[in-house]
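Q: just coords:
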C-alpha cells in the first residue's frame, strides 16, 4: 500500500493517539506514527505539541526515520526554540556517525534550523564535517556555511569558516569545489565589498579542472564564478575560453547559457585579428540555435538572451536568419521575440528573404503580431537603404488590403520612412490621404497629420484635411492635438493667405479652451512667434529635421554591457539590471565587461622636430580682466530686472481674444508686467539674459537630448563631481540650510543645491543671483523650487548655469558669491567651484598644433606641481581625465617613464597645455602646466589632483 493512507485520516483526538504511538517500544509503530505526523504537518495541521515526543525518536539507526524526524525539526524549530536545544546532542552525535549519509544529513539539517540559540552549538560539528574524509559530507558542509552565514554572519567569520571554504576550492573532489564556489558566491553577493572570491590564475586553473567532472548545477556555479574573473591579458583569456568551449555542447540549457556568458565576457579581451577570435564566433552559433528547438518557455528565455547577444555581436548569428522565421504554432511571445531578432539581423544580403517573410506575417490572424510585422517592414526600410523602395511598395500593397489596423500601422511607419529619406517617396502621399477616414488610433492619426503638415505645399486640399480633424479637437488625444497644432502652424507658414482663420481657430482652441499645460504652452509659443517675428517662426517651425537613426530601440551600451554579464539570469529576460527588480542589498553590484587589451593606439611620441606649417590655435584669448578694487560685497548686487532678449512669458490669466495675428495685436499681451517681488525688484523672477546653447536647442535634436538625463551624450562616463558640502549653515540663514556641488552634464554646468528648512515656518518664493566673478558664471534660468518648503523638509534643485555673465577677477580665482532670497529674507554666502566645470568638450587639439602652441607660450608661464600618492597607470589616468574634458593628445614612454601630453580648453577660450609624467611603481606624478594666463594653473592642478584621486 502507498503512503497516501497517511493523508486520509480525519479523526479527532488523534494528537493523543499519535503521542502514545510515538512513545511505543515497537520500532515499526514509531515509524508509522512519525509518518502520520509528517503527513498532518504537510496538509497544514498544527502538530507542534508533539515536539518532545518526535525529538525522542531521533535516537535511532533507521535512516528513513531519522530523515522524517529531521524534516519535522526543520519545520518547527523556529516556533519551539527552547525545545529544539534538546536535539543538539543528537546532532553532535550524528556528525560523528560512521555512516557518511547520516553525517551529511545532520549537517544539512543543522543549516536549515534558523534558531540563533542553537547556531553556536553547531560550530564544532560543522568544523569537523568541513574536514570530513567523505566528499559527500564536505560538499554538504560547504553549503551549510552559506546558510549559517545568512543567520549569523559575524559568527561564521569569527569561527574561521570562510577560510576553510576557500581551502575547499582546492579540494580533490569536483562536487566539493562546486559547492564551495556556490557558497562563497552566495556570501559574496550579500557582502559585495568582502572580496571573498579572490580569484587568481592558480585557483582559476583548479576550477577549470573541476568543471569537466561536476554535475550540471555544479558546472553552472563554477561558470558563474569564472564570469566574475578578469583575466590579466588576452593569452590567459584565450586559454580560459578554450577550456570553457566544450560546455557549449552540454544538454542542460542553463550550462550552455552560463558558458556563453563567460565566452562573451572574455572575448572582449581578445584582439579581433586573432584567428581564434573568428573560430570562437563560429562555435557560439550552433549552441544558441539548438536552444531554439526546446519547448516554448525555454525558447523565450533563449531568445531574450540572443536578443542581447545580437546587439553586442551581430556577426555571431548573421548566417542563421532562417532559425528565427516564425512557425505557425509558436506562441505569440515567441513570435514577437523572433521578429525583433530578425530585424536586428537584417542586412543587404538577406533582406529579400526577410521581406518575403514579413509580408506573409502581415496577413496572419493575430492582430498584435500583424502590427509588429508591419512595423518591422518599416524598420527594414530605415535600416537597409537598398531595400527602402521594396519596403514602401510592400507597405502600399498592405494599405490596399484596407484592413483597418494594417493601414494604420503602415501609415505610422511610412511617416518614419519620410523622415529617413526626405524627398524620395512623397509620391505615395495621395494613396495615404485616401485612407484618412478609416484612421481611429491616436498614433496613426498623429502620423497622418504630421505628413499633411510637413508636405502641405504638395497637397492641394491640405487645409480641408486638417480642418476635418479640427472639428473634434477636444475629443482627440493629447498626441493628436499637439500634432494638429504644429501641422496647422506649418500650413499657415507655407500658405499664409488661405489659412489665417484656421490658425487663429487652432491657437484659440489650444490656449483658451484646453486645460492641458503642454498644449497651452506650445500654443502660446506659436502665437507669440507668429505675432512678433514670422521669419523667426519659419526658421523654428520649418527647420530642417535631423534624419532618424536606424535602430531606436537598442539598449543603451553601458546597460547592454551589464546585461551581457548577467546572461542566463532573470536580468537577461527582463532586460533590466538586477538593481531594478531585486530589493535589499543583494544584486546591486554593477558588472562591466573588461576593456579590450592589445590596442597600441596613441602610444607614439609627439614629433619634437620643427613642425612644418604647424600653426598656433586661434588668436590668444583675452585673459581674465583684473579690477583694481575687488568689490566682492554682495550688497552692491544689481537687483534690477536684467535686459531680456525676448518678450517675457504671458501670465495665465490673460485674455487671448480673437486678435489679428499678423497685425501685431499681441502688443498689449507682450508688454504686460510680470510682477516680480516688490521687495526685491523683478530681477529674481525674470528670465535670464542668455540661455546656454544646450537649453534652447530645438527639441528635435534626436533622442540623445531627450533621454540624456544623467550623463552627457558625447561625454565619457565618470566625469568627476565633488561631494556636496554645506555652503550656508541654518544658523546663519534663519533656518535655511544650503548645501551643494557643481557638475557638468552634456556640456551644461549645473549647480546642484540641497535646500533644507530647519525653521518652524514654511519657506516660499525662492530666487538666486550671483555676484560678478572670474569666469562670468550666471544662472541660466530661475531657481525652480515649485512647491513650498515645509518645516524639516529637504528639496534638491538643479540650476543650469551659463558663462556669459559680468566678469570680475576674484581671489581665489574660482570663488563665487551668491545671494539667495526667499519669503523670509535675502541670504549671502560664497563657495568655490572646481574649475573643471569650465573645461569644454571641444578641447581636443592636433599634435602639431599642440607642439607649436607649447613652444609659443613663454617658459615663464610654465608651472610644475607634484601629485602624490596616486596609484593609476597611464591609460587609467588618461580615461579618468577625459571624463572631465582633459584630453590626451599624445603619449610616449621614455626609460620606463610614461609621459602624457594633454590639452584643456576653458569656457572663456583660454587653453591650458599639460605634461603628466608617471613612473610604474611610483605613486608620485609630476605635472607641468603651460598657459597664457598662468594664474589659472593652480586651480587646474587642483582639478587634476581631485579627478585622479577620486
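A: Yep, that arrived. Owing to the predicted nature of the structure, the values given are computational and were not obtained by experimental measurement. Numbers count the residues shown, from 1 in each chain.

Q: and the gap between residue 266 and residue 905?
A: 39 Å (CB to CB, to the nearest Å). For every residue, glycine as well, the C-beta is placed using N, CA and C.

Q: which one of the two has more residues nearby?
A: With other CB atoms under 10 Å as the criterion, residue 266 and residue 905 differ in neighbour count, and residue 266 comes out ahead with 25 against 22.

Q: quick one: what helix or strand has the closest residue to the more buried one other than its chain neighbours in it?
A: Sequence neighbours aside, residue 237 is the residue nearest to residue 266 in space, at 4.5 Å (criterion: CB to CB, 6 or more residues apart in numbering). In this assignment (DSSP states H and E), residue 237 forms part of helix 234-244.

Q: which helices and strands does that helix pack with?
A: helix 201-211, helix 216-226, helix 253-267, helix 275-291 (3 or more CB pairs under 8 Å, 6 or more residues apart in numbering; DSSP states H and E).

Q: quick check: angle from the last one to helix 253-267?
A: With axes from the mean of the first three to the mean of the last three CA atoms, to 10 degrees as the criterion, the two stretches helix 275-291 and helix 253-267 enclose an angle of 160 degrees.

Q: in helix 275-291, what counts as buried?
A: 280, 281, 283, 284, 285, 287, 288, 289, 290, 291 (16 or more other CB atoms under 10 Å).

Q: Counting neighbours, what do you get for the closest residue to the last one other than its chain neighbours?
A: If you skip the residues right next to it in sequence, residue 291 has residue 302 as its closest partner in space, 3.7 Å away by CB to CB, 6+ apart. By other CB under 10 Å, 26 other residues sit near residue 302.

Q: Mind checking the pLDDT average for the one helix or strand residue 302 maps to?
A: Assigned by DSSP H and E, residue 302 belongs to helix 296-312. The average of the pLDDT scores along helix 296-312 is 92.

Q: repeat for stretch 593-608
A: 48.

Q: Touching, residue 237 and residue 269? I think so.
A: Yes: contact criterion CB atoms under 8 Å: residue 237 and residue 269 qualify, at 4.1 Å.

Q: Determine the residues that are contacts of both of those two.
A: residue 231 (CB atoms under 8 Å, 6 or more residues apart in numbering).

Q: pLDDT of the helix holding residue 237, averaged?
A: In the prediction, helix 234-244 has an average pLDDT of 88.

Q: Tell me what angle that helix forms with helix 201-211.
A: Per the same axes, to 10 degrees, the angle that helix 234-244 makes with helix 201-211 is 20 degrees.

Q: report the angle between the axes of helix 234-244 and helix 216-226?
A: 170 degrees.

Q: For helix 234-244, give me every contacting residue.
A: Contacts for helix 234-244 (CB under 8 Å, 6+ apart): 201, 204, 208, 211, 223, 226, 229, 231, 259, 262-263, 266-267, 269-271, 274, 276, 280, 597-598.

Q: Could you do stretch 345-356 as well?
A: So stretch 345-356 is in contact with 310, 314, 317-318, 320-322, 324, 342-343, 377, 379-380, 383-384, 386-387, 390-391, 394, going by CB under 8 Å, 6+ apart.

Q: Go through it and flag the buried ones.
A: 345, 346, 350, 351, 354, 355.

Q: Work out for me the element the residue nearest to the spatial centre of the chain sits within.
A: The centre of the chain sits closest to residue 559, judged by CA atoms, centre = their mean, with a distance of 5.1 Å. Here residue 559 sits within helix 557-564, counting by DSSP H and E.

Q: This completes my enquiry, with thanks.
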